[in-house]
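>>> take this sequence and fold it.
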Amino acid sequence: MNNEQTSAAAVKVLLIGGSGFLSGTMARAALRQGHDVWAVTRGQRPVVEGVRKITADRKDRRGFAEAVARENVRWDLVVDCIGYSAEDAAQDVEVFSGRASRLVFISTDFVISPIERPWKIDETYDRFNDTPYGTGKRAAEEVLLNQRSLSSTVLRPGHIYGPGSLLGCIPLHGRDPQLLDRLRKREALSLVGGGHFLQAPVFAADLWEMALSCFNNPAASGQVYFAPGPDVVESRAFYRIIGEILGVDVTIGEVPISEYLREHPEHQSFCTHRVYCTDKATHDGLKRPTTPLREGLRLHVNSMI
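Alright, predicted model coming up:
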């Protein structure tokens with residue numbers, strides 16, 4: 001796990017969506033390091049203690065812009081955790097040009113087409129998804145990558161896990177609120193394809209470290225990077241590690257892939273290998289995620305029990 005130390009120089013950080021799982025994780029990590037943290041939130045949930053709250057709904061474009069402007073702050077780093085469309089990205093450019101040194105946009109590996117995908121790819125791969133979620137995120141990426149008003153970086157994580165979220169990385173037990181109870185009761189889990197698909201889940205706190213490493217990094221401006229965790233495992237290993245932490249054996253049954261996709265064609269991206277090259281991030285000096293899956297899951301499970 002990354003060692004968290006107070007930074008030599010405090011960074012002014014703004015999180016868009018500051019009361020959610022990922023943004024809340026980032027807020028806590030940034031505060032522990034001594035950074036100054038603001039968050040834009042609708043105000044429906046409390047923000048992390050110590051965060052300066054900006055109450056605004058990004059769907060209210062004018063209200064959002066006015067609320068940010070009233071702060072009269074130039075942020076070093078803005079992280080957009082809840083951008084899903086070209087309109088959201090255009091809003092970032094309009095509102096934060098001149099108000100932020102760097103914007104980091106949290107995208108997703110679901111922008112990539114799952115059809116006939118090689119088992120491992122890098123950022124040059126250009127076959128994209130056609131589902132609403134994937135196309136929306138890709139449209140946002142394109143807005144940011146094709147403008148020069150705001151220095152921005154796009155990160156593409158796969159499955160994000162950690163304290164504050166539900167456990168489970170693949171259907172039929174993706175983010176299953178009953179997962180720990182099922183395992184304690186020795187219930188068999190039903191996973192698409194038996195959970196044989198490879199992936200590299202990323203610990204949420206590691207995404208903060210990667211985002212922070214984009215600040216004051218000229219090489220990362222205008223770039224997109226995959227953001228996988230350090231361990232590539234079969235998806236079923238995710239559940240078996242949880243079982244080991246609980247001290248129970250895990251039984252896994254197979255849901256036929258074709259049968260599942262007939263009913264859920266929008267979930268094709270779960271039914272493919274999700275393995276990504278990180279050479280570009282390494283070359284450009286980004287801090288790659290380092291928390292081992294077993295350690296991250298131990299922290300995640302312990303936070304729930």
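>>> could you use CA atoms for every contact and neighbour count after this?
Will do.
>>> residue boundaries of the strands in the stretch 151-300 of the chain?
152-157, 160-161, 189-192, 198-199, 202-203, 223-227, 233-234, 252-255, 275-276 (DSSP state E, counting those that start in this stretch).
>>> deepest of the ones you listed, which one?
Highest mean neighbour count among the strands of the stretch 151-300 of the chain (mean count of other C-alpha atoms under 10 Å): strand 202-203, with a mean of 28.
>>> elements contacting it?
If contacts are counted by 3 or more C-alpha pairs under 8 Å, 6 or more residues apart in numbering; DSSP states H and E, strand 202-203 sits against strand 160-161, helix 293-304.
>>> any chance of a markdown table for the strands of the stretch 151-300 of the chain, columns mean pLDDT and distance to residue 64?
Formatted as a markdown table, these follow (pLDDT from 0 to 100; distance: least, C-alpha to C-alpha, whole Å):
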| stretch | mean pLDDT | distance to residue 64 |
| --- | --- | --- |
| strand 152-157 | 98 | 19 |
| strand 160-161 | 98 | 27 |
| strand 189-192 | 98 | 41 |
| strand 198-199 | 98 | 36 |
| strand 202-203 | 98 | 30 |
| strand 223-227 | 98 | 26 |
| strand 233-234 | 98 | 41 |
| strand 252-255 | 98 | 44 |
| strand 275-276 | 98 | 35 |
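>>> mind putting those strands into a markdown table with distance to residue 31?
Below are these laid out as a markdown table (distance: least, C-alpha to C-alpha, whole Å):
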| stretch | distance to residue 31 |
| --- | --- |
| strand 152-157 | 21 |
| strand 160-161 | 20 |
| strand 189-192 | 38 |
| strand 198-199 | 30 |
| strand 202-203 | 18 |
| strand 223-227 | 22 |
| strand 233-234 | 32 |
| strand 252-255 | 40 |
| strand 275-276 | 30 |
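>>> can you check which of those strands gets nearest to residue 120?
strand 275-276 (4.8 Å; C-alpha to C-alpha).
>>> next one: that closest one to chain centre, how far?
15 Å (C-alpha atoms, centre = their mean, to the nearest Å).
>>> before we move on, back to that, looking at the helices and strands packed on strand 202-203, which is closest to residue 200?
With C-alpha to C-alpha as the yardstick, what comes closest out of those is helix 293-304 (8.4 Å).
>>> got the buried residues for the closest one?
Going by neighbour count (16 or more other C-alpha atoms under 10 Å), the buried part of helix 293-304 is 293-294, 296-298, 300-301.
>>> what packs against it?
Going by 3+ C-alpha pairs under 8 Å, 6+ apart, helix 293-304 lies up against strand 160-161, strand 202-203, helix 235-246.
>>> just the CA atoms of that helix, as CSV, please.
What follows is helix 293-304, C-alpha atoms only, in CSV (Å, rounded to 0.1, in the frame of the first residue of the first chain):
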residue,chain,number,x,y,z
LEU,A,293,-5.0,-6.9,-4.4
ARG,A,294,-4.8,-9.1,-1.3
GLU,A,295,-3.9,-6.2,0.9
GLY,A,296,-6.5,-3.9,-0.6
LEU,A,297,-9.2,-6.5,-0.2
ARG,A,298,-8.2,-7.1,3.4
LEU,A,299,-8.7,-3.4,4.1
HIS,A,300,-11.9,-3.4,2.2
VAL,A,301,-13.4,-6.4,4.0
ASN,A,302,-12.3,-5.3,7.4
SER,A,303,-14.0,-1.9,6.8
MET,A,304,-17.2,-3.8,6.3
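>>> ok, residues contacting that helix?
Residues from elsewhere that reach helix 293-304 (C-alpha atoms under 8 Å, 6 or more residues apart in numbering): 1, 161-164, 201-203, 229-231, 241-242, 245.
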